[in-house]
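Peer 1: Show me the folded form of this:
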Amino acid sequence: MSDVTDSLFFASPFVRWSLGTTAFVTAVGFGLLMGDMRGVALCAGIAFEAVLVLLFLAMIAPTRCAIAARGVCAIVFLAYVAYAIDMGVRRPDSFWPPTVRQSESSGYNALCGMITIGVPALLFALYRRRPPQRVDETVEGDEDEFLTEEDELSSDASH
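Peer 2: Residues are numbered from 1 along each chain as shown. You can find the predicted model right below:
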């Protein structure tokens, strides 16, 4: 995982057990209080339960359940995709101009959220750290060009 994620969430056993237990208790409580849900609300409830269970596994055993954190991030990305599609179907005129109130549901807010939160979550879910970087294998010039005066003097003295 990334250095920031490691230092924030997995460095301290106290933080891991506190957040993991909170996620577990929330998942159980939410599951008991779901009641009669249908359609989109049921799908959202199941996704929320899945996120909480995966978060619990990622917090309690980060090395054994490393894939669980990636699952949480994948669900977050898919939630933003569903939000953007929903806004495109329900209110296609809400993408531009931006709404005056930022708390209002709009296509513009869905796209902003997908760019700032969803895409980094997808990158973490796919690559676990960051996307692979292309390695430049071309060599420009000899290494001798980068010698300092001291290197040259020491090589001249040895001859």
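Peer 1: so how far is the first residue of stretch 101-108 from its last?
Peer 2: End-to-end distance for stretch 101-108, by C-alpha to C-alpha, to the nearest Å: 11 Å.
Peer 1: Check which helix or strand the spatially most central residue of the chain maps to.
Peer 2: Geometric centre of the chain, nearest residue: Ala121, 2.6 Å, by C-alpha atoms, centre = their mean. According to DSSP states H and E, Ala121 maps onto helix 119-127.
Peer 1: and the residue nearest to the centre of the chain, what does it touch?
Peer 2: Listed by C-beta atoms under 8 Å, 6 or more residues apart in numbering, the contact partners of Ala121 are Cys73, Ala74, Val76, Phe77, Tyr80. For the C-beta atoms, the positions are set from N, CA and C on the backbone; glycine is no exception.
Peer 1: so Ala27 makes contact with Leu54?
Peer 2: No - in this structure, Ala27 is not within contact of Leu54 by C-beta atoms under 8 Å, at 9.8 Å.
Peer 1: With neighbour numbers in mind, choose between the two.
Peer 2: Leu54 (22 against 19; other C-beta atoms under 10 Å).
Peer 1: Met114 - nearest residue in space that isn't next to it in sequence?
Peer 2: In this structure, Met114 finds its nearest non-sequential neighbour in Tyr80, 4.1 Å apart by C-beta to C-beta, 6 or more residues apart in numbering.
Peer 1: got a list of what that neighbour touches?
Peer 2: So Tyr80 contacts Ala110, Gly113, Met114, Ile117, Gly118, Ala121 (C-beta under 8 Å, 6+ apart).
Peer 1: want to try CSV for these, with pLDDT and distance to Gly20 as columns?
Peer 2: Below are these laid out as CSV (pLDDT from 0 to 100; distance: C-beta to C-beta, whole Å):
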residue, pLDDT, distance to Gly20
Ala110, 87, 30
Gly113, 90, 26
Met114, 91, 28
Ile117, 90, 22
Gly118, 91, 24
Ala121, 89, 20
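Peer 1: Retrieve the pLDDT associated with the residue nearest to Met114.
Peer 2: Tyr80 is assigned a pLDDT of 91 by the prediction.
Peer 1: tell me which residues of the host helix or strand of it are tucked away?
Peer 2: Using DSSP H and E, Tyr80 sits in helix 66-90. Neighbour-count burial for helix 66-90, counted by 16 or more other C-beta atoms under 10 Å, picks out 68-77, 79-80, 83-84, 87.
Peer 1: and what of stretch 53-65?
Peer 2: In stretch 53-65, counting by 16+ other C-beta under 10 Å, buried: Val53, Leu54, Leu55, Phe56, Leu57, Ala58, Met59, Ile60, Pro62, Cys65.
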